[in-house]
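>>> Structure for the following, please:
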Amino acid sequence: MTLIITLTYLISAGIMFWHSAESDERRPLHRAMLYAFVEGLCGVEDLGHSYQRVRCSPRWIATGEPEAAVHVGYAASGARFGYTYAHDADARTIRLRFDADAEVELHLLLPPGTRPVAATWEGDEVAFDPVTVEQSVYADAAGPVRAGSEVEVRYVDA
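Sure thing, here's the model as predicted:
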């Protein structure tokens, strides 16, 4: 199985960083590192097969980067999943725009010292769970997405 990963994000100085990598069984260490990166910082975990059910837990807030685009896929099947991430610190919102159809379990890391107060899924208010893991606060929600779907979480100081 070959996993193809494309990541784009803006570095604070305004420089764009782009990385595309391919991993296969012949390079197990390379593959393990890419999977750790995708499931860790990017927060994309395929919970079934072909990205039909995804746990999406982006941790870009920890890097201080306000924008990121993540696209992952399986070369053999063409199955893919991706999102763009935008953190607006002034508006105190984090927005995700998805580019695939999937059932998504969202586990969104919030800035330190904040708590979630509202979440919208396709413009509709949705229930969410504030979750604390050690000293980090997340907003959890779940639902279907399709290409172009947007989810937004608003937060305030804790």
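>>> ok now the helix or strand in which L96 is found, how far from the chain's centre?
Per DSSP states H and E, L96 falls inside strand 93-98. Its chain's C-alpha centre and that of strand 93-98 lie 9 Å apart, by C-alpha atoms, centre = their mean, to the nearest Å.
>>> same check, this time on stretch 145-155
That offset, for stretch 145-155, works out to 11 Å (C-alpha atoms, centre = their mean).
>>> That one - what's its average pLDDT?
Stretch 145-155 comes out with an average pLDDT of 97.
>>> Counting by contacts, list what the helix or strand where V72 lies packs against.
Following DSSP H and E, one finds V72 within strand 67-74. Under the contact definition 3 or more C-beta pairs under 8 Å, 6 or more residues apart in numbering; DSSP states H and E, strand 67-74 sits against strand 3-10, strand 80-88. C-beta here means a position set from N, CA and C on the backbone, and glycine is covered the same way.
>>> Would you indicate which residues of that strand are buried?
Within strand 67-74, the residues that count as buried by 16 or more other C-beta atoms under 10 Å are A68, A69, V70, H71, V72, G73, Y74.
>>> How about stretch 75-90?
Result for stretch 75-90 [16+ other C-beta under 10 Å]: buried residues A79, R80, F81, G82, Y83, T84, Y85, A86, H87.
>>> what's the closest of those to L106?
Nearest to L106 among the buried residues of stretch 75-90 is Y83, at 10.0 Å by C-beta to C-beta.
>>> What residues does the closest one make contact with?
V44, C56, P58, A69, V70, L96, R97, F98, D99 (C-beta atoms under 8 Å, 6 or more residues apart in numbering).
>>> who touches the closest residue to the third one other than its chain neighbours in this structure?
If you skip the residues right next to it in sequence, P58 has G43 as its closest partner in space, 4.2 Å away by C-beta to C-beta, 6 or more residues apart in numbering. With contact taken as C-beta under 8 Å, 6+ apart, G43 is in contact with R55, C56, S57, P58, R59, H107, L109.
>>> For L96, see how far away G43 is.
10 Å (C-beta to C-beta, to the nearest Å).
>>> the helices in the chain, which residues?
Under the criterion DSSP state H, the chain contains helices at 28-39.
>>> Just checking, which helix or strand of it averages the lowest pLDDT?
strand 16-23 (a mean of 45; mean pLDDT, DSSP states H and E).
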